[in-house]
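Participant: Provided below for reference: sequence and predicted model.
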Amino acid sequence: MLALNVAFTDTPRGLPLAERLADLAVDALIDEADLSPKPALVDRRSSGAHKDLHLGLMHASALSLWPAFREMAEVAIQIGEIGQPLREAIGRIGREGEAAMMRTTDGVNTHRGAIWALGLLVTAAALDPSDLTPAGLGLRAGCLALIEDRNQVSNTQSHGAEVARQYGAMGAREQAQMGFPAVIQTGLPQLKRSRAARHGEQNARLDALLAIMTELSDTCVLYRAGEQGLLAMQQGAQRVLDVGGSASLSGRRALHDLDQQLLGLNASPGGAADLLAACLFIDCLEPALGDQARTL
């Protein structure tokens, strides 16, 4: 077990740490959903490549997960160390959160992958709010993800399992176990580069999404459109960045072309969208909770 010393205090806004972390996780999901124009994803323009999703449903789904995120943070504070008890506690809470999400959406999978990614990161932040660095969060989340949840029923019929068998692709579980490299090594650096270049916040976030798409073996795309769809996503996203990113005219044209290509393939990069939400969550932690971290 990896022991961590944790002191529970209220945040500067007067809310308990667990509630603030849940707020920030839900905010990240809503910000990801609202970001436009995203290629073949639900946004303020359309439902992308999805016939069963829309922006209002994404918002409702995100809000339904607030109690689960809060409870994950609370149990992390209570247990205080990475090990089997914490892993199985957050696994149980995650499954209960997924059930609540499915009730809200009438059975539509809106945020299953995000529950896993953001749940681990919320837990990692609650374990040691004095270290909210991307590297620290990734290390703690990865260590937790590597522990087997003995109560998890293996679903060999899931889309992710099917894609793993067919293509040998790593999915959300492996991303987490490696400490979210697509977020920490790719998405966050691009977000900061685009901000430094004064591309504007929305364009910087779009560029971060595109950077994640260039490298990710997105199992959502593989399931819907196979290797052809994955290659189209990765190469198309790289082209947008190569010609100047989403803040440039050439980049916007390339982004429009990528959107149309992925729509034609019915390929929606939902895995990349989940990791963008994780990226936005990590990015906001130190600004939002930094005062609290300095008091520990």
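Facilitator: Looks like it arrived, so ask away.
Participant: which residue packs closest to Gly271, ignoring adjacent ones?
Facilitator: Asp218 (4.0 Å; CB to CB, 6 or more residues apart in numbering). C-beta: built from backbone N, CA, C; applies to glycine.
Participant: Can you get me a residue count around the one you found?
Facilitator: 30 (other CB atoms under 10 Å).
Participant: Starting from Val75, give me the distance back to it.
Facilitator: Asp218 sits 30 Å away from Val75, taking CB to CB, to the nearest Å as the criterion.
Participant: quick one, phi psi at the residue nearest to Gly271?
Facilitator: Taking degrees, to the nearest 10, you get phi -70, psi 110 for the backbone angles of Asp218.
Participant: go on, Glu81?
Facilitator: Torsion angles, degrees, to the nearest 10, at Glu81: phi -150, psi 150.
Participant: per-residue confidence at it?
Facilitator: Turning to Glu81, the model gives it a pLDDT of 97.
Participant: That one: how many residues sit nearby?
Facilitator: So Glu81, with other CB under 10 Å, has 14 neighbours.
Participant: got the contact list for Val163?
Facilitator: Contacts here follow CB atoms under 8 Å, 6 or more residues apart in numbering; on that basis Val163 touches 169, 171, 219, 222-223.
Participant: Verify the stated contact: Leu289 with Asp131.
Facilitator: No. Counting by CB atoms under 8 Å, Leu289 sits too far from Asp131 to count as a contact (11.2 Å).
Participant: Between these two, which is the more surrounded one?
Facilitator: Leu289 (21 against 17).
Participant: Identify the spatial nearest neighbour of Gly232, chain neighbours not counted.
Facilitator: That one is not Gly; residue 232 is Ala. Leaving aside its chain neighbours, Ala232 sits nearest to Gln261 (5.4 Å; criterion: CB to CB, 6+ apart).
Participant: Kindly report the same for Leu15.
Facilitator: Asp23 (7.5 Å).
Participant: And the next helix or strand past the helix or strand that contains the one you found?
Facilitator: Using DSSP states H and E, Asp23 falls within helix 17-34. Next along the chain after helix 17-34, taking DSSP H and E as the criterion, comes helix 55-64.
Participant: Sort out which residues of that next one are buried, please.
Facilitator: Judged by neighbour count (16 or more other CB atoms under 10 Å), helix 55-64 contains these buried residues: 55, 57-59, 61-62, 64.
Participant: what's the answer for stretch 63-71, then?
Facilitator: 64-66, 68-71.
Participant: Distance from that stretch to the middle of the chain?
Facilitator: When distances are taken as CA atoms, centre = their mean, to the nearest Å, stretch 63-71 is centred 15 Å away from the chain's centroid.
Participant: contacting residues around it?
Facilitator: Residues from elsewhere that reach stretch 63-71 (CB under 8 Å, 6+ apart): 18-19, 21-23, 25-26, 29, 93-94, 96-97, 100-101, 103-104, 111, 114-115, 118-119, 122.
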